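K.L.:
Mind folding the following:
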Amino acid sequence: MKNIQYINAGAGSGKTWTLTDKLAQLIQDGKTTPSRVILTTFTDPAAEEFRQKARVKLVEKGLHDRAAELDSAMIGTVHSVALRYIRKYWYL
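P.N.:
Residues are numbered from 1 along each chain as shown. A predicted model of the protein is given here:
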């Protein structure tokens, strides 16, 4: 897999800001779409915070359609993202 970003840093170090900025730039440059994004966090509140901040960043860049598509991104805890894949591909 290409384009994997891994950020390991302490609380308050700017992980969410860095990731939302990178995501918005990739989408703005046409290098990805929300439906091709997988982002995992340790907690549900962190996942929701990322989703909301990413949506705001996309709107700020004038990417309203892409902001509306953000629900198609796989954003959640490791377990919730894995569960979405299991539910989608259980028959394989």
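
K.L.:
Going by C-alpha atoms from here, please, whenever you check contacts or count neighbours.
P.N.:
OK.

K.L.:
Run through who's touching the top helix by length along the chain.
P.N.:
Looking across the chain with DSSP state H, the single longest helix is helix 44-60. Contacting residues not belonging to helix 44-60 are listed as 16, 20-21, 23-24, 40-41, 64, 66-68, 70, 75-77 [Cα atoms under 8 Å, 6 or more residues apart in numbering].

K.L.:
quick one: Ile75 is in a helix?
P.N.:
No. Checked against DSSP: H, G, I helix; E, B strand; the rest coil, Ile75 lies outside a helix; its state is strand.

K.L.:
What residues are bridge-paired with it?
P.N.:
The partner list for Ile75 in beta bridges (DSSP bridges) reads Leu39.

K.L.:
To what extent is it buried, counted in neighbours?
P.N.:
Ile75 is flanked by 22 other residues according to other Cα atoms under 10 Å.

K.L.:
which among the contacts of helix 44-60 end up buried?
P.N.:
16, 20, 23-24, 40-41, 66-67, 70, 75-77 (16 or more other Cα atoms under 10 Å).
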